[in-house]
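>>> Predicted model follows, preceded by the sequence.
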Amino acid sequence: MPFDLLIWDCDGCLVDSEVLACAVAARCLTDLGYPLTGQDYVNRFAGQTMAATLVALEAETGKAFASRFSLQDFRQQVLALFETALQPTPYVAEALPLLALPMCVASGSSLERNARALALTGLGGYFDKGNLFSAEQVERSKPAPDVFLFAAAQMGIAPEKCVVIEDSVTGITAAKAAGMRVLAYLGGSHVSAVWRQRVAAAQPDAMFDDMRALPEMMDHDKNGSVR
């Protein structure tokens, strides 16, 4: 069964945003009395929702963070930083035109953030607004499969005919739970040796570091296999 849809995670796959968003999150939490660096945040919390992060910190410290954390302020700071510092992931602009199948985005970030990130990096032309999907549209965020299943349903494609590009354990877990193939992209600036080991342990169908390799990895033979 050949693949009929390529589903992209946005942060860390299409745009090199993880280090930026994590730096803002670390600064916000430091201001609330939990000091950590952007890299600390990447290593511990990147790929999961802010709500999940706050729950983990409250369990760790016994202190109330969720009631004092302004999600609106955090999102505004992230978008402001994107305006000056956001870049596409290396070579993704070269790879996208060579991918001969429909594509959409299924992200844990908001629709507003995804649309602005793609516009700022010049990638918006590859994804119509109707092809952008967010965890804010479903009941559960990754690692639950909801956003991937929602995206596939909206695109009219069966889950088993979808391939997902992800960079995090959370996203890989969600894609596998949705019954989809998943390729792990590890070329983002946030990817460390520890990150790579965690992703490998999540057992994606394949891992790659260079977006220029993606078109060749997509093998549309009768078995729908991925090289």
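All right, it came through fine. What you see is a predicted model, and the numbers here were worked out from it, not measured in a lab.

>>> Just the pLDDT for the residue of the chain positioned farthest from its centre.
What lies farthest from the middle of the chain is Gly62; by C-alpha atoms, centre = their mean that is 29.5 Å. Gly62 is assigned 95 on the pLDDT scale.

>>> what does Thr49 give?
For Thr49, pLDDT reads 85.

>>> Report the contact partners of it.
The contact partners of Thr49, by C-beta atoms under 8 Å, 6 or more residues apart in numbering, come to Gly108, Ala135, Ser141, Lys142. Every C-beta, even on glycine, is put in place using the N, C-alpha and C of the backbone.

>>> one more time with 7 Å, if that's ok
Thr49 makes contacts with Gly108, Ser141, as judged by C-beta atoms under 7 Å, 6 or more residues apart in numbering.

>>> what's the answer for Gly124, then?
By C-beta under 7 Å, 6+ apart, the neighbours of Gly124 are Leu118.

>>> Now do the same for it: its pLDDT.
Confidence at Gly124, expressed as pLDDT, is 95.

>>> Kindly report the same for Gly187.
Reported pLDDT for Gly187: 97.

>>> Spatially, and excluding backbone neighbours, which residue is closest to it.
Distances taken as C-beta to C-beta, 6 or more residues apart in numbering place Asp209 nearest to Gly187, at 4.5 Å, with adjacent residues excluded.

>>> Alright, I will stop here.
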